[in-house]
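# what shape does this take:
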Amino acid sequence: MANAVKWEFYLNGDSRNFRGYAEGRKNLYFDISGGIDHYNDCMNDDFRLSSVYFDDEDEPEVVWQIGYELASLYNGVSSILSKDSRKLELAELLHNGVRVGKTPKKNILALLGKPNISDSLYNQEFEKVKKLDVRFFMMNLATEREDAYLILKYFAVEASYINYYKTLETLEELSDKTGIAISVDKKLRKSFTNTANNFTLSGLDSRHGFKQALKENKTPSMKLSEAHLFIASIAKDYLNKLADGVINGIHNKSFKMD
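Down below sits the predicted model:
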């Protein structure tokens, strides 16, 4: 028990990704370790998540909510990269090596903010995370930038025309507010909005309820999988430009909308 971490979660998810993270450099914000049975000297799928955001907390209920938030950001950026990515799930929470009860997820939207570490360590962590998996870099930005946060959060929720429409509207609004230009194909946008708004094309997932069609809809429809690719491409465009801007000092690492 002497070497037990104060707070850590057992994880379920893509063990191939987890193993790569565990074998790589430590990430203070989102550190995945494990995958080795030291007693039997073999690999296993026992992966754990720890974070600097847990360290100052004493109540398991709070740690659960922070854990849910980190998992959501990870799942959001993973979904942007691949629609079929397996979600990371928090299985159990350990406090100093002892299991504690699970707390239901609350509907909270709030930036995690700058962690309670020295400025020197904070800067070192940001320099290091630039060279790690792109998921960790985007998550790092999303702890302090509300635009990155909202984009990742939208992609963490259930795939649907309604949610993708919200994401599109958010991306366009963010582009206006931050000046980060996005490229949106007009024909694809029309096809997407036509499908998302039309009950005859998207059914109960339509933004509007049932209405009798008065004339034939000749605008091409868009499958949900195609809608994901369309919206994700816009998100990637925005996030890539944001990341370049932060790295090159054009955009601040912290950002909140008025």
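# okay, Phe137 and Phe192: tell me how far apart.
Computed as Cβ to Cβ, to the nearest Å, the Phe137 to Phe192 distance reads 28 Å. All C-beta atoms are positioned from the backbone trio N, CA, C, and that covers glycine.
# actually, Ser160.
13 Å.
# of these two, which one has the most company?
Phe192 (23 against 17; other Cβ atoms under 10 Å).
# next one: phi and psi at that one?
The phi/psi pair for Phe192 (degrees, to the nearest 10) reads phi -70, psi -50.
# what helix or strand does the closest residue to it other than its chain neighbours sit in?
Once flanking residues are discounted, Phe192 sits nearest to Met222: 5.0 Å by Cβ to Cβ, 6 or more residues apart in numbering. Under the criterion DSSP states H and E, no helix or strand holds Met222.
# wait, doesn't Met222 sit right on Phe230?
Yes: in terms of Cβ atoms under 8 Å, Met222 counts as a neighbour of Phe230; the distance is 7.0 Å.
# would you map the helices across the chain?
Using DSSP state H, the helices of the chain run over 15-23, 60-81, 119-129, 134-142, 146-156, 161-178, 186-197, 199-202, 224-247.
# where among those is the average confidence lowest?
Mean pLDDT across the helices of the chain is lowest at helix 199-202; the value there is a mean of 57.
# can you give the domain ranges for the chain?
Domain assignment for the chain, taken from automatic domain parsing, gives 7-123, 146-247.
# nearest to Lys253, of those domains?
domain 146-247 (5.5 Å; Cβ to Cβ).
# what's the first-to-last distance across the closest one?
Domain 146-247 has an end-to-end distance of 17 Å (Cα to Cα, to the nearest Å).
# check stretch 243-258 too.
Terminal residues of stretch 243-258 lie 21 Å apart, using Cα to Cα.
# contact partners of it?
Applying Cβ atoms under 8 Å, 6 or more residues apart in numbering, the contact partners of stretch 243-258 are 111, 114, 126, 130, 137-138, 141, 144-147, 177-178, 180, 242.
# what two of those are the furthest from one another?
Largest separation among the contacts of stretch 243-258 by Cβ to Cβ: Lys130 and Lys177, giving 24.8 Å.
# around the residue nearest to Ile231 when sequence neighbours are not counted, how many other residues sit close by?
Distances taken as Cβ to Cβ, 6+ apart place Tyr164 nearest to Ile231, at 4.8 Å, with adjacent residues excluded. When neighbours are defined as other Cβ under 10 Å, Tyr164 has 23 of them.
# begin at 296 from now on, thanks
Understood, numbering begins at 296; the last thing we discussed is Tyr459.
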